[in-house]
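S.K.: missing the sequence, but the structure's below:
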């Protein structure tokens, strides 16, 4: 693995965390959206990530110079976004404009506290990837100055 690969790996991590931040923001924005049926009620969404293995990107190339090193990572891939299967909140509010014929209103299965914790986690993960890129950049700059003594 070269220092150049670090930028690809950290970049894929930043893209993944950016998507995670966007879905979290969407969940928070729709946390109090009322609906008259379960079919039209917003459901919390979560991204699903998987690791991209080095062997998938460069078949036949040794990872880290070690023969048989199958566990070398090469980044993160977004597999998709799934809706939560948690039960929706059903509240009795007969005067609400979105109440059904029984007087119930359905609210999303979004836990705002959990979403805020998820937002902090993804923000910190994004920042860690930025720090990794900055460290790799400074290492590359120092390598260029080695012969100038």
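M.R.: Cool, got the structure. For clarity, every value in this text was computed on a predicted model and none was experimentally measured.

S.K.: residue ranges in the protein under the pLDDT threshold?
M.R.: When residues are selected by pLDDT under 70, those of the chain lie in 1, 54-73, 149.

S.K.: residues of stretch 27-35 that come out buried?
M.R.: The neighbour-count check on stretch 27-35 (16 or more other C-beta atoms under 10 Å) flags 27-28, 30-31, 34-35 as buried. C-beta coordinates here come from the backbone N, C-alpha and C atoms, glycine included.

S.K.: one more: stretch 81-91?
M.R.: Buried positions in stretch 81-91, judged by neighbour count with 16+ other C-beta under 10 Å: residue 88.

S.K.: can you show me the helices along the chain?
M.R.: In the chain, the helices defined using DSSP state H lie at 3-29, 54-57, 112-144.

S.K.: the residue nearest to the spatial centre of the chain and residue 37, how far apart?
M.R.: Closest to where the C-alpha atoms of the chain average out (C-alpha atoms, centre = their mean) is residue 20, at 3.0 Å. As judged by C-beta to C-beta, to the nearest Å, residue 20 and residue 37 stand 29 Å apart.
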